[in-house]
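S.K.: The following block contains a protein sequence and its predicted model.
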Number of protein chains: 2
Amino acid sequence: MGVNPAEGVRRRRATLKEVAAEVGVSPATVSNAYNRPDQLSEESREKVMEAARRLGYAGPDPTARGLRRGRAGAIGVLYADRLSYAFADPAAVLFFEGVSRAAEEAGLGLLLVPGSISGRHDPEAVRAAAVDGFVVYCMAEGDQMIGAVRDRRLPAVLVDDPPEVFAEDMSRVGVDDEGGARAAAEHLVGLGHRRIGIVSYELAPQPVGGLAGPDRQAEVAFRSTRLRLEGYRSAVEGMGVAWESVPVYECPENDPEEGANAARVLLGIDPRPTALVAISDQLAFGAIEAAREMGLSVPGDLSIVGFDDVPEAARSNPPLTTVHQDHVEKGLLAGRLLVARLGGEEPETPKMLRTRLVVRDSTAAPRG
Amino acid sequence: MGVNPAEGVRRRRATLKEVAAEVGVSPATVSNAYNRPDQLSEESREKVMEAARRLGYAGPDPTARGLRRGRAGAIGVLYADRLSYAFADPAAVLFFEGVSRAAEEAGLGLLLVPGSISGRHDPEAVRAAAVDGFVVYCMAEGDQMIGAVRDRRLPAVLVDDPPEVFAEDMSRVGVDDEGGARAAAEHLVGLGHRRIGIVSYELAPQPVGGLAGPDRQAEVAFRSTRLRLEGYRSAVEGMGVAWESVPVYECPENDPEEGANAARVLLGIDPRPTALVAISDQLAFGAIEAAREMGLSVPGDLSIVGFDDVPEAARSNPPLTTVHQDHVEKGLLAGRLLVARLGGEEPETPKMLRTRLVVRDSTAAPRG
DNA sequence: ATAGCCTACTGAATCGATTAAGTAAAACGA
DNA sequence: TCGTTTTACTTAATCGATTCAGTAGGCTAT
């Protein structure tokens, strides 16, 4: 499929050189008219602009300028999966919002780079991205995408899953996943829950849905997932509950539908758990839905706690007890860190954002 | 602030020419190794890739390739306002999801282009965008951004607000705003409501919040806003209610907070409206909130109908009666239309997507 | 009057690739 | 064996700008 942007547009695009010829000056002068107006007389500048208007010249070609200047004028946001999934994930959207704010501040464009194209995991998009640096979001440890980013030798900021091994040159931003998760589980344990089920999202690339035994849990490749599971674990073990007795369901995707599947399986276990810990609000929403379908009231028959505190959590029915993290702030911080790197600053020490348990109405003491 | 992507990264980036020198072949051969593997022996290809690895060459520079090939490998999505607002608007996010799907299908990147940078309305971002075409979303009629897009002489698809005058070269996608709005208002009128208030979003750029009289209404610069207002009008007039008696509140921004402000003003009018028509679900959510704060039950004391049918509408409390439109489909269509244009196809006739009233629980017959 | 300085330009190299056209050697066909 | 393809490269022009190092002419200062 030949992609030819010139087709279908009336006149050909004019170039700087043609404008120069039209006015009767050198290309350098036209360039100066756009980039350093102080370098030429007001009069010639007018003439250049006038000729540009006549010829339909919209200003220096961004690609050519980018090549010459050695910068693209945009930052890339690399998302682990297909872009359309990113937009369906409220936490990712909030994160993008923050990054876009930072890009805007710096006058840079924002290029969204899919980590996966129509299902295929392919670093080609990383190699083809005309950007000055990357914000890498939600990557599995050791993912080949990270290798592709490193190979580009551009400044990069790793968010949420900074695999230690590659991180030398890269800035890092994360949140206190473990602390937040521990607080969530401790809250349930503190209410008296002892039979708790965990709704996790994918532990490693190419997940299959289902209960994940210790072997599968050992494979966990997403750093923040690992940390959250550790947080849950330390909380339940702190109360003398054996981790092996806590069922963990792995959802292949982070959407409510999968959360519902997880809940159906976990709540089918005998004796039935009195509480569910979901690793994201999206999954928690689905779990609530499934519980309702099974005739269980939340929080009467079942307590549910989420993670992320997306705006919907406050408005859901019942309002969701969850772990708050500031996604917009995280994106903003990541973006600003990257912009600072573009300005020549050295990578800073990893930034860790706080998390905080927000108790709403989806949790209560177990019945009886 | 000098943006220099080379700083802070260990080794300098290698170029194709250096790889060629390392292997002892011409640059053309290295280029072929990446772009037309059939043009050289397996053996030299290996050697090239090996040398590339040694030198840390990540493949042809996207900017240089873009210049030479005459295409940027990305499409631009132009949003009327600051990007961070776009991410806060669920309808826009769904639209982006659709566009991103189309971009993905075509192997193109997605560059988000702000129509406004830190509050300033500036077409500079349009001129600086290294893209092969634009999807223009939610623009006011006659906005200078559209002029800037046209000046770039790139294929463009105008979504939702296709100002007739500039549209010659541009493809167009919209939804049946008027029909949807009419259906919404007819639904209320059909339930017996005669005192109806309208919660609109901005009528023209640089809006001030407040009741908008006929003069202000005449200025409406957003095509879809105009069409929706016309739809509301034709429905109420059809039942013999004078449009002049219907208060219209203009919200300066499309967020629930503003919807709440609008509701507070409209519900302060004596006699109090028995129903509110909101031009978006975001505004409707805020209006419901405000009504509740005023001690009015929805739909008992007040009926509210929205527009957009964002996913939250089905889950809100009460579930919102609203006008459904398929935002993802709209984005997908717009994106595919643009991709087709890139492939050399001529602009098609404007596409119009259907809207449909979805009756949920926020509307009922007026009391008494 | 002349050195020195501005102002307003121009010339030419360069950014990092792609690709059409050309060429030398090897393989092939009869 | 000799002409013809084929294979595997190379040469060189080109994409559209930016920018450094001039330079010509006018102006100022002494």
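M.R.: In hand now; what should we look at?
S.K.: Let me know the helix or strand that the residue nearest to residue A:155 when sequence neighbours are not counted is in.
M.R.: Leaving aside its sequence neighbours, residue A:155 sits nearest to residue A:341 (Cβ to Cβ, 6 or more residues apart in numbering or on different chains; 3.6 Å). Quick note: C-beta positions are derived from backbone N, CA and C, even for glycine. In the assignment (DSSP states H and E), residue A:341 maps to helix A:327-342.
S.K.: Likewise for residue A:146?
M.R.: Counting by DSSP H and E, residue A:146 is part of helix A:144-152.
S.K.: so residue A:174 makes contact with residue A:355?
M.R.: No. Residue A:174 is beyond contact range of residue A:355, at 10.3 Å (criterion: Cβ atoms under 8 Å).
S.K.: how close does the residue nearest to residue A:155 get to residue A:157?
M.R.: 7 Å (Cβ to Cβ, to the nearest Å).
S.K.: Then residue A:24?
M.R.: Here residue A:24 is placed at a distance of 48 Å from residue A:157 (Cβ to Cβ).
S.K.: If you count surrounding residues, which of the two has more?
M.R.: Ranked by neighbour count (other Cβ atoms under 10 Å in any protein chain shown), residue A:24 and residue A:157 place residue A:157 first, with 29 against 10.
S.K.: For my notes, confirm that one occurs in a helix.
M.R.: No. Read with DSSP: H, G, I helix; E, B strand; the rest coil, residue A:157 is strand and lies in no helix.
S.K.: Assign a three-state SS to the residue nearest to residue A:112 when sequence neighbours are not counted, would you?
M.R.: Leaving aside its sequence neighbours, residue A:112 sits nearest to residue B:110 (Cβ to Cβ, 6+ apart; 4.5 Å). Using three-state DSSP, the secondary structure recorded for residue B:110 is strand.
S.K.: wouldn't residue B:110 be in contact with residue B:75 here?
M.R.: Yes. Shown here, residue B:110 and residue B:75 form a contact pair, counting by Cβ under 8 Å, at 6.3 Å.
S.K.: Leaving out the residues flanking it, which one is nearest to residue A:151?
M.R.: residue B:58 (4.0 Å).
S.K.: ditto for residue A:241
M.R.: residue A:194 (5.9 Å).
S.K.: Over to residue A:191?
M.R.: In space, residue A:191 is closest to residue A:365, 4.7 Å off (Cβ to Cβ, 6+ apart).
S.K.: For the one you found, give me the backbone phi and psi.
M.R.: Here is the backbone geometry of residue A:365 (degrees, to the nearest 10): phi -70, psi 150.
S.K.: where's it relative to DNA strand D, distance?
M.R.: Using Cβ to the nearest atom of the strand, to the nearest Å, one gets 67 Å for the distance from residue A:365 to DNA strand D.
S.K.: And for residue A:367?
M.R.: From residue A:367 to DNA strand D the distance is 70 Å (Cβ to the nearest atom of the strand).
S.K.: Residue A:99 now?
M.R.: 26 Å.
S.K.: Identify the contacts common to residue A:341 and residue A:157.
M.R.: Residues touching both residue A:341 and residue A:157 (Cβ atoms under 8 Å, 6 or more residues apart in numbering or on different chains): A:133, A:171.
S.K.: Beyond the worst-scoring helix or strand of chain A on mean pLDDT, next helix or strand please.
M.R.: Every helix and strand of chain A was ranked by mean pLDDT, DSSP states H and E. The lowest is strand A:120-121, at a mean of 76. Where DSSP H and E defines the elements, the next helix or strand beyond strand A:120-121 is helix A:124-128.
S.K.: what sits in contact with each of residue B:110 and residue B:75?
M.R.: Common neighbours of residue B:110 and residue B:75, using Cβ under 8 Å, 6+ apart, are B:99, B:103.
S.K.: the more surrounded of these two?
M.R.: Per other Cβ under 10 Å, whichever of residue B:110 and residue B:75 has more neighbours is residue B:75, with 32 against 25.
S.K.: Give me the contacts around the helix or strand that contains the more buried one.
M.R.: Assessed by DSSP H and E, residue B:75 sits inside strand B:74-79. With contacts defined as Cβ under 8 Å, 6+ apart, strand B:74-79 is touched by A:111, A:130, B:85-86, B:92, B:96, B:99, B:103, B:108-115, B:126, B:129-139, B:145, B:149, B:335, B:338-339, B:342.
S.K.: Report the inter-axis angle for that strand versus helix B:144-152.
M.R.: 160 degrees (axes from the mean of the first three to the mean of the last three Cα atoms, to 10 degrees).
S.K.: Only C-alpha atoms, please: export the very next helix or strand once past strand B:74-79 in CSV.
M.R.: On the C-terminal side of strand B:74-79, the nearest following helix or strand under DSSP H and E is helix B:83-88. What follows is helix B:83-88, C-alpha atoms only, in CSV (Å, rounded to 0.1, in the frame of the first residue of the first chain):
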residue,chain,number,x,y,z
LEU,B,83,-4.5,17.9,25.3
SER,B,84,-4.9,17.4,29.0
TYR,B,85,-8.6,18.4,28.5
ALA,B,86,-9.0,15.8,25.8
PHE,B,87,-7.9,13.0,28.1
ALA,B,88,-10.3,14.2,30.7
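S.K.: Great, nothing more from me.
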